[in-house]
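Novice: Need coordinates for the following:
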Amino acid sequence: MNKKKILIIDDDPRNIFALVHTLRFKSYDCLSCLSAEEALKILETNEIIDAILIDMMMPEMDGYEAIPLIKSIPSRKSTLIIAVTAQAMTGDREKCLSAGADDYISKPIDVDKLLIALSKI
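Specialist: Numbering: from 1, shown residues only. Below is the predicted model of the structure:
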């Protein structure tokens, strides 16, 4: 069985480190980047990416701007995108889903909830 590959997009290297460590322990392969701009370059190289975890609040281009751009790439229309945010305000889930995310998780990340969300791939 091939390991599923997850792209983690977050401007905080500590969050990336924690997620990569957790997901690799659960037998996922991980790629990571610090910006949505860098993520778009990775996604256009035809890398096999099964799911994307994207921080919604990043400088320059946030997740709300990036998700529609990701979904506009023909090979990424059906890629699972999970929005991740530390803000967890009323209406955030709906806002993330309306931007094109398939699921939503707030920080600190509950690993069990994350794994349930990733079970869709």
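Novice: For A66, which non-adjacent residue is closest in space?
Specialist: Counting by C-beta to C-beta, 6 or more residues apart in numbering, A66 lies nearest to A36, which is 3.6 Å off, once chain neighbours are set aside. For glycine as for every other residue, the C-beta is placed from the backbone atoms N, C-alpha and C.
Novice: Tell me, please, the helix or strand in the protein that averages the lowest pLDDT.
Specialist: Lowest on mean pLDDT, DSSP states H and E among the helices and strands of the chain sits helix 92-99, with a mean of 91.
Novice: Next secondary structure element downstream of that one?
Specialist: Sequence-wise, the next helix or strand beyond helix 92-99 is strand 103-106, with elements assigned using DSSP states H and E.
Novice: Would you list the strands that that following strand pairs with, along with their directions?
Specialist: Each strand paired with strand 103-106, and its direction, by DSSP bridges: strand 80-85 (parallel).
Novice: what's the offset of the partner strand from the middle of its chain?
Specialist: For strand 80-85, the distance from its own C-alpha centre to the chain's C-alpha centre is 4 Å (C-alpha atoms, centre = their mean, to the nearest Å).
Novice: swap in stretch 21-34?
Specialist: If you compare the mean C-alpha spot of stretch 21-34 with that of the full chain, they lie 11 Å apart, counting by C-alpha atoms, centre = their mean.
Novice: Can you tell me what sits against it?
Specialist: Outside stretch 21-34, the residues within contact range by C-beta atoms under 8 Å, 6 or more residues apart in numbering are 3-11, 13, 16, 19-20, 39, 42, 47, 49, 111, 114-115, 118.
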